[in-house]
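Engineer: Need the 3D shape of this:
(2 chains)
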Amino acid sequence: MFERRLFFHIDWALLTALLAIVSIGIAMIYSTTYVPGADGGHAGPQVRTQITALVLGLVALVIFLSLDYRMLAEHSLILYAGLAGLLLFVLFKGSTQFGAQRWIAIGPLNLQPSEFARLTLALILAMFFGENRRGARNTSDLVIGGFFTLVPLLLIAKQPDLGTAVTLLPVFFGVAYLAGLRMRLLGVIALAGVLIAPLAWKFALEDYQKSRIQMFIDPSQDPQGAGYQTIQARITVGSGGLMGKGFMKGTQNQYKFLPVAHNDFIFSVLAEEQGFVGVLTVLGLYLFVIIRSLEAARLAKDRLGAYLVGGIIAGFAFQVIYNVAMSVGLAPVKGITLPLMSYGGSSLIATMATFGLILNVRMRRFTN
Amino acid sequence: MSQPIGTDDRRSLHVRLTVLQYGIAVAFSVLTVGFWIFQVAQHTMFREIAESQYLQRVPLPAPRGLLLDRNGTVLVKNQESFNIVLLRERAKDIDKTLEILAAATGVDEAQLKETVSRRRREPTYRPIVLIGNASFAQVVAVRARSLELPGIEDHRVPTRSYRGEMGAHLFGYVGEVNEAQLQRADYKDLDAGAIIGQAGLEQAYNGLLMGTEGSRDVVVNSRGREIDELLKKDPVVGTPLQLTIDADLQKAAEDGFRHFGILNAGQPYNGAAVILDPRSGEVLSLVSLPAYDPNKFAVGIDRASWASLTGDKNLPLQNRALQATYSPGSTFKIVVAAAAMEEGVATPDFRVHCSGGATFYGRRFACWNDAGHGTVDMRRAIEQSCNVYFYTLGQMLGVDRIHKWASAMGLGEINGIDLPNEVAGLVPSEEWKLRVRKEKWYPGETISVAIGQGYVNVTPLSLAVMMMTAANGGTRYTPHLLKAVNRGNGWEPVTPPEPRSSVRMKDSTVKAIHDGLWLAVNGAGTAGRARIEGRDVSGKTGTAQVISLTGAQRARGKIEVRDHGWFVFMAPRDNPVIAGAIFAEHAEHGYYGASIARHIIDTYYAKQEGRPLPTLEKPPVTNAIVAAAAAAPRSGGTH
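Structural biologist: As a prediction, the model looks like this:
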């Protein structure tokens, strides 16, 4: 299954960039979760968890690299059914944290199945569109693809975890776009979205979600309440300046003015402590990862591989862009973490697994 | 089953991938520009905001300078107390916080909200004092609920500590600087919320007493917990002041009003007393009653207490010694005597026959003694307080020459004491009447002025200055309270202020007045109660009518319509060392004031000679005494 020559086709540059981003992320988590004390303090428990997740993530990456992606795609319906089962399971039996039911406790690990939804969805959509001779030009195929997307999306939104749920949409559009979705249809969907938005506002959104959006538009309305995070994010980033305040010297971070710094706002911490220079470096790494991955799609031997990479990267890029915009107060606060950097074991493992698939597609570009 | 990509498909896929790559690159570029705007273009603004969040300047209030008496006894000191304050920058929901605070401390919620609303325009980093001088239980309650009360802290602050009501008007009180004061040049460097003197010496010497506020720059986290101290500037304590006041004389005077008031009228006398050293103008004692407790102001007076002070018809906040004027009555005869002898219209041996009254300008003026005093000279006229004698001198002098000498002796003038809001009082002149009343002066009016009635109105302070000037033979020293200051290098005496005016009275004038005053106390006069064997106390009583005699008949017995009593005095007769004026409201007659003066003079000499200080027996308060005092026969006139 794994031929020796494939080893030489692994994209080491991409892998190095990934590891660089994760390392920077761990350093930032170390800085935000450090517990000061009379004895000089010690690292927070989150650092160890994240390093463990990295190791597990590398294992997952190797697994998803080793198995032929075509073989995985063929079994994607089983994977998809398994995912739906897990999502149903957490809805009824999962453990509740921070007001949402997302986790399955496996021994010491808290597994978050929704983090693996993007990977599974990308596989099944790539399979569905890749094996369809007409591509995505058929509207009924689009509806079927949309149905595949909506099932996990609604299950995750129900937890409720709207942030993770919406990241499934770019996966769908990424695959559909590469598969030849007509631009006119894309325009119709966008228009429908605009028309549905007020209805969604009225019926679908919880009060806290509405207030987050309102506060993003005018954070000064309630500087101590819902607008607090947006304001603090801007102060954190802006006060970092060109060169930053230095590692573990960010006052917004160290004195806890910025909430959930190690999670949703990890990039704000980077901006504060490492400055604009650090921001440029990490954004450059992310852009490299994205462009390089899309190159893998370009090189892919078959449509399945190209669509798979396209779907994964569309979801990944959406998450990165949204989270980074949020970290500077340019997007409403949503529970969308920064993949590879934010604290979160399931997310890191799942993301590493998806990059295993991307390396897989590139590596097998010459095989039959 | 895998689908290889056809040429057309591949071209289309490549185009779409390229679009996707460029699209994402553009999005990243936009983000980069966004970060550049925040981190580089607007960096300074955000850095300042970030610093204002974690750097806090905690003010360290400076203790005010101590006030000591002339012998070094501490009169006003400082003590530590707790203020419960609101830091608005750290509060989440201020209304909710105040609600919880009110419930926890038992303070009226509406009052807390009013305090915050009144100070809402101040910079938000300034703490707002919600509860001054919080009780131990309140501090504990706040600390126990600190999680529910974000932005509420207890601050340890030095506060003024006074000796109860003693010397209240002398010391004054402190309070927060108000908005009108902040507009003034001398307060322009102060922050809102600063504590300054608002009355008395606290106000007059605020600049010396205040000291300099210190501060601590600390690092705090988002919960307001202090993490680190960056810089500490210790406060500089205010300059201690040594006063000319003698604490024992101050107490003796206040005790006297209480004791003799209860003894004679069934309740403490209200009134005023000013005791001076006639050789320098140093104020040994300054009393105004009723008083208030300045301690209540030291930590921010509550509205109910303030309302009860400002609404009290007895005006406890007024310093009667220098802010209120009264008719001087017969004490004014000293001025007329001095004027007559100095102007050369009469000698000490000038004699007048009193038959109980006399006619001037076609109108009969009565002496207080219907039987008449017979033939009296200057000394006897002062001793007996003979109205007819002084009517005669008044007629001979005319009002302007009386005015001239009254002014030279401090009456109707500002005497320049180092306390705020002194008023001048009034001694009329022809020019004054024309200017103010738009009428010419009628010579008949001079006759009333000659016995201290009519338009004449004086402050107790100015009457004490008059007595001082008569005692020292014409030098109108400026009454003053500051003796020395300690700027950190030991006590430095303060140069006393220049005398307001000085005339050199003839020895014969001074001798005749002193003899007359001595006789009033030690002879057949009205002031025998001030007599102390061997001390040659000399003085003069006076009565200030409150309402007309007929009205008094109707209202007999009611204390608020009884006449006020004056007693001015000096001791000893030759080369006096103490002089003063006692004003007892509704005391009916000056001889009760003489009793108070006697106690003060007795205390003065006991101190000089190292004897135990005299004490006043606690008077037995019985209804019989009150009734007897109420029913005491009244006499007309101003003796």
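
Engineer: Enumerate every residue touching residue 59.
Structural biologist: By default, I'm working from chain A. Residues near residue A:59 by Cβ atoms under 8 Å, 6 or more residues apart in numbering or on different chains: none. Using the backbone N, CA and C atoms, a C-beta is placed for each residue, glycine as well.

Engineer: Not quite, go with chain B.
Structural biologist: So residue B:59 contacts B:127, B:191, B:213-215 (Cβ under 8 Å, 6+ apart).

Engineer: Confirm it sits in a strand?
Structural biologist: Yes. Counting by DSSP: H, G, I helix; E, B strand; the rest coil, residue B:59 is located in a strand.

Engineer: Residue A:325 against residue A:331, yeah?
Structural biologist: Yes. Counting by Cβ atoms under 8 Å, residue A:331 is a contact partner of residue A:325 at 3.9 Å.

Engineer: Where does chain A get nearest to chain B, residue-wise?
Structural biologist: Nearest residue of chain A to chain B, counting by Cβ to the nearest Cβ: residue A:238, 2.6 Å away.

Engineer: What helices and strands are in contact with whatever helix or strand that residue lives in?
Structural biologist: Following DSSP states H and E, the helix or strand that holds residue A:238 is helix A:228-240. When contacts are defined as 3 or more Cβ pairs under 8 Å, 6 or more residues apart in numbering or on different chains; DSSP states H and E, helix A:228-240 sits against helix A:251-254, helix A:266-299, helix A:303-327, helix B:43-54.

Engineer: Residues touching the last one, excluding its own?
Structural biologist: Think helix B:43-54. Identification of contacts with helix B:43-54 by Cβ under 8 Å, 6+ apart yields A:234-242, A:251-252, A:255, A:257, B:38, B:125, B:219-222.

Engineer: which of those residues are buried?
Structural biologist: By neighbour count, with 16 or more other Cβ atoms under 10 Å in any protein chain shown, the contacts of helix B:43-54 hold A:234-241, A:251-252, A:255, A:257, B:38, B:219-220, B:222 as buried.

Engineer: distance of residue A:160 from residue A:207?
Structural biologist: 12 Å (Cβ to Cβ, to the nearest Å).

Engineer: nope, residue A:53 is what I was after
Structural biologist: 33 Å.

Engineer: who has more neighbours, those two?
Structural biologist: Per other Cβ atoms under 10 Å in any protein chain shown, whichever of residue A:53 and residue A:207 has more neighbours is residue A:53, with 24 against 7.

Engineer: what packs against the helix or strand residue B:337 falls within?
Structural biologist: Per DSSP H and E, residue B:337 falls inside helix B:333-342. When contacts are defined as 3+ Cβ pairs under 8 Å, 6+ apart, helix B:333-342 sits against helix B:378-384, helix B:387-397, helix B:399-408, helix B:460-472, helix B:507-522.

Engineer: Which residues are in contact with the closest residue to residue A:14 other than its chain neighbours?
Structural biologist: Among residues not flanking residue A:14 along the chain, residue A:292 sits closest, at 4.9 Å (Cβ to Cβ, 6 or more residues apart in numbering or on different chains). Contact analysis of residue A:292 by Cβ under 8 Å, 6+ apart lists A:11, A:13-14, A:17.

Engineer: where does residue A:292 land on pLDDT?
Structural biologist: Listed pLDDT for residue A:292 reads 95.

Engineer: That one and residue A:198, how far apart?
Structural biologist: Distance, residue A:292 to residue A:198, using Cβ to Cβ: 40 Å.

Engineer: cool, and residue B:16?
Structural biologist: 31 Å.

Engineer: With residue B:92 instead?
Structural biologist: 32 Å.

Engineer: what sits up against the helix holding residue B:337?
Structural biologist: B:346-348, B:350, B:378, B:381-382, B:385, B:390, B:393-394, B:396-397, B:401-402, B:404-406, B:409, B:411, B:450-452, B:466-467, B:470, B:503, B:505-506, B:508-509, B:512-513, B:516-517, B:540, B:568.

Engineer: Produce a ChimeraX select command limited to the buried residues of those residues.
Structural biologist: The ChimeraX command for the buried members of those (criterion: 16+ other Cβ under 10 Å) is given here:
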select /B:346,348,350,378,381,382,385,390,393,394,396,397,401,402,404,405,406,409,411,450,451,452,466,467,470,505,506,509,512,513,516,517,540,568
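
Engineer: out of the contacts of helix B:333-342, which touch chain A?
Structural biologist: For chain A, no contacts are drawn from the contacts of helix B:333-342 by Cβ under 8 Å from any Cβ of the partner chain.

Engineer: Now for the closest residue to residue A:46 other than its chain neighbours: which residues touch it?
Structural biologist: Nearest non-adjacent residue to residue A:46, counting by Cβ to Cβ, 6+ apart: residue A:33, 4.6 Å away. Contact partners of residue A:33, counting by Cβ under 8 Å, 6+ apart, are A:43-47, A:262, A:343.

Engineer: Can you tell me which of those are classed as buried?
Structural biologist: A:44, A:46-47, A:262, A:343.

Engineer: For residue A:192, grab the count of nearby residues.
Structural biologist: Residue A:192: 10 surrounding residues under other Cβ under 10 Å.

Engineer: Within the helices and strands, which one has it?
Structural biologist: Element membership for residue A:192, per DSSP H and E: helix A:183-199.

Engineer: quick one: low-confidence ranges for the stretch 501-639 of chain B?
Structural biologist: Along the stretch 501-639 of chain B, the model assigns pLDDT under 70 to residues B:547-560, B:618-639.

Engineer: How are the strands of it distributed by residue range?
Structural biologist: B:501-502, B:538-544, B:564-571, B:578-584 (DSSP state E, counting those that start in this stretch).

Engineer: Let me know which of those is the nearest to residue B:287.
Structural biologist: strand B:578-584 (8.7 Å; Cβ to Cβ).

Engineer: export that closest one as CSV, just CAs?
Structural biologist: The C-alpha coordinates for strand B:578-584 follow below in CSV (Å, rounded to 0.1, in the frame of the first residue of the first chain):
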residue,chain,number,x,y,z
ILE,B,578,-5.6,89.9,79.0
ALA,B,579,-8.6,91.6,77.4
GLY,B,580,-11.8,90.4,75.8
ALA,B,581,-15.5,90.5,75.1
ILE,B,582,-18.1,88.0,76.2
PHE,B,583,-21.5,88.0,74.4
ALA,B,584,-24.2,85.8,75.9
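
Engineer: Just name whatever secondary elements that strand is in contact with.
Structural biologist: Applying 3+ Cβ pairs under 8 Å, 6+ apart, one finds that strand B:578-584 makes contact with helix B:247-265, strand B:271-276, strand B:283-289, helix B:460-472, strand B:564-571, helix B:590-609.
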